[in-house]
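[1] Take a look and give me a structure for this.
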Amino acid sequence: MSLITLVEVLALGVLRCAPLRASLSTTTTTHAPEAPLRPPPKFRPHPFAYHEEVTVTIDDLSSLGDGVGRVQLAPDASDADGDGRGWVVMVPFTLPGETVRARVFRNHKGHSDADLLEVVGAPSAVRTAPRCALFGVCGGCQYQHVEYAEQLRMKARHVSELLARTGGLDGAAVRPTIGSPRELGYRSKLTPQYNVERRDGERPAVGFVRARTRSRMVDVARCEIATDGINAALPAAREKVAESVAAALAAERRGGKRALGGSVLLRDASEGVVTDHHAWVSEVRAAPTASATAHRSPPTAHPSPPTAHRWCRSPTATSFASSSRRATSSRTTRSPSPPSSTTSSPRRARRSSRAAARRMAQRRAARARWCGRGT
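    Sure, this is the predicted structure:
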């Protein structure tokens with residue numbers, strides 16, 4: 001094969017695999033690739049073809065923040081509910097009342113998932129510019145395009161709808177959502193993830209899962225909802241991840257274990273930003289404001305400890321204790337039990353395993369109650 005022919009083949013492959021995001025900046029209402037894209041192996045062809053574009057009006061939002069709209073199908077087709085209202089299409093980053101153009105990439109048994117291409121006509125009155133440059137690409141946030149006051153109303157409405165639909169409690173009184181004094185920079189714990197890149201010279205992406213994907217990562221150098229302390233410690237944590245991944249890949253090439261991805265813990269506490277999963281940290285409880293305590297009932301089952309700190313281990317730890325219990329408790333050695341004269345049956349072993357699982361679930365529930373107490 002000549003050099004010119006090889007170049008022509010490579011150029012054709014690039015054109016066919018080029019992303020369709022360029023259509024977002026155009027003013028045309030339709031966009032068709034030069035060659036039809038091959039759908040995924042398990043793609044459902046009904047009711048829309050792969051990457052088929054549809055125009056839909058958003059009626060509501062799901063509990064995950066995706067816009068819910070309906071598209072009228074052909075007369076010979078039927079919708080999922082059979083009520084004649086149309087086929088449900090879920091489009092992220094949209095708001096009720098907006099008419100949008102979307103591109104379908106997955107058909108489920110009862111609805112379809114689509115990517116937002118553009119908002120046709122006037123946008124919603126509660127739409128605002130997101131603060132984060134990665135919003136829409138990073139899958140960590142879903143509501144940054146909505147004004148904060150409307151976010152609070154949406155969350156209260158979601159709770160009311162879930163109580164009515166799942167619990168059968170129609171008309172249940174749901175109190176207004178208590179807002180935070182900070183819209184950004186409030187998150188005191190961050191767990192970025194990373195995958196192992198096996199291409200030469202490729203640094204691992206340390207961040208979060210890309211929106212609308214299952215495993216692809218987005219490299220996040222700064223998180224707008226995290227505290228300033230976490231963002232200050234994030235570059236060092238990213239460098240440490242790069243070094244550990246490089247060492248793991250070198251050991252894999254020498255015949256060692258396969259290098260795998262993982263996550264990084266960054267917890268902003270009174271001791272500073274802690275990255276050790278097994279470290280003990282403390283939080284100073286701020287005095288609650290009048291608006292924050294107006295809708296809260298006094299605690300009954302678990303009173304607050306007399307100290308001003310709350311001690312809590314990382315969620316990955318296997319035990320927990322308060323500072324006073326940790327200081328006063330002493331270690332005791334358990335004497336070994338005498339060997340049993342009879343061999344335990346498989347049924348007895350299964351009962352013992354189930355009992356151990358129940359005890360572990362009780363310990364986790366107790367740790368969650370202790371670490372998640374209200375003020």
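
[2] Quick one: the strands in the stretch 51-200 of the chain, in order.
    Shown for the stretch 51-200 of the chain, the strands assigned by DSSP state E, counting those that start in this stretch span residues 53-61, 67-71, 87-91, 99-107, 111-120, 189-190, 193-194.

[3] what's the following helix or strand after the helix or strand of the chain with the lowest mean pLDDT?
    Scoring the helices and strands of the chain by mean pLDDT, DSSP states H and E places helix 323-328 at the bottom, with a mean of 36. If you walk from helix 323-328 toward the C-terminus, the next helix or strand you reach (DSSP states H and E) is helix 346-371.

[4] For burial, what's the neighbour tally of D276?
    Residues within reach of D276, counting by other C-beta atoms under 10 Å, total 10. For every residue, glycine as well, the C-beta is placed using N, CA and C.

[5] Give me the contact list for stretch 198-217.
    The list of residues contacting stretch 198-217 from outside it, by C-beta atoms under 8 Å, 6 or more residues apart in numbering, reads 92, 105, 113, 115, 136-140, 192-197, 218-220, 237-238, 241-242, 245, 249, 261, 264.

[6] average pLDDT across that stretch?
    Averaged across stretch 198-217, pLDDT comes to 88.

[7] buried sites along it?
    Residues P204, A205, V206, G207, F208, V209, R210, A211, R212, M217 are the ones in stretch 198-217 that count as buried (16 or more other C-beta atoms under 10 Å).

[8] gap between the fifth one and D219?
    Same thing as F208. Counting by C-beta to C-beta, to the nearest Å, the gap between F208 and D219 amounts to 10 Å.

[9] For the stretch 1-150 of the chain, which residues score under the pLDDT cut-off?
    Low-confidence regions of the stretch 1-150 of the chain, defined here as pLDDT under 70, cover residues 1-36, 76-83.

[10] how close does L162 sit to A172?
    10 Å.

[11] gap between the nearest residue to G86 once chain neighbours are set aside and T94?
    Spatial nearest neighbour of G86, excluding adjacent residues (C-beta to C-beta, 6 or more residues apart in numbering): R70 at 3.3 Å. Using C-beta to C-beta, one obtains 13 Å as the distance from R70 to T94.

[12] Next: R351.
    As defined by C-beta to C-beta, R351 lies at a distance of 52 Å from T94.

[13] With neighbour numbers in mind, choose between those two.
    Just comparing R351 and T94: by other C-beta under 10 Å the higher neighbour count belongs to T94, 27 against 12.

[14] contacting residues around the more buried one?
    T94 makes contact with I58, D66, G67, G69, V100, L116, V119 under the criterion C-beta under 8 Å, 6+ apart.

[15] Spatially nearest residue to it (excluding sequence neighbours)?
    Taking C-beta to C-beta, 6+ apart, and ignoring the residues beside it in sequence, T94 has G67 as its nearest neighbour in space, at 3.2 Å.

[16] So that neighbour sits against I58, correct?
    Yes: with contact taken as C-beta atoms under 8 Å, G67 and I58 are classed as touching, separated by 3.9 Å.

[17] residues shared between the contacts of those two?
    V91, T94, L95, P96, E98, V100.

[18] now those: which count as buried?
    V91, T94, L95, E98, V100.

[19] For PyMOL, write the select line for the buried members of the contacts of stretch 198-217.
    To isolate the buried members of the contacts of stretch 198-217 in PyMOL, using 16+ other C-beta under 10 Å:
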select buried, resi 92+105+113+115+136+138+139+140+192+193+194+195+196+197+218+220+237+238+241+245+249+261+264
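
[20] Verify the contact between G69 and L61 for me.
    No: here G69 lies out of contact with L61, judged by C-beta under 8 Å, at a distance of 10.5 Å.

[21] more neighbours, the two?
    Neighbours per residue (other C-beta under 10 Å) separate G69 from L61, with G69 holding more: 25 against 21.

[22] what's around the residue lying closest to that one once chain neighbours are set aside, how many residues?
    For G69, ignoring the flanking residues on the chain, the nearest one in space by C-beta to C-beta, 6+ apart is V56 at 3.7 Å. V56 has 26 neighbouring residues, counting by other C-beta under 10 Å.

[23] residues contacting V56?
    With contact taken as C-beta under 8 Å, 6+ apart, V56 is in contact with G69, R70, V71, V89, V91, T99, V100, A102, A114.

[24] what is the fifth one paired to in the beta sheet?
    Think V91. On the basis of DSSP bridges, V91 takes part in beta bridges with G67.
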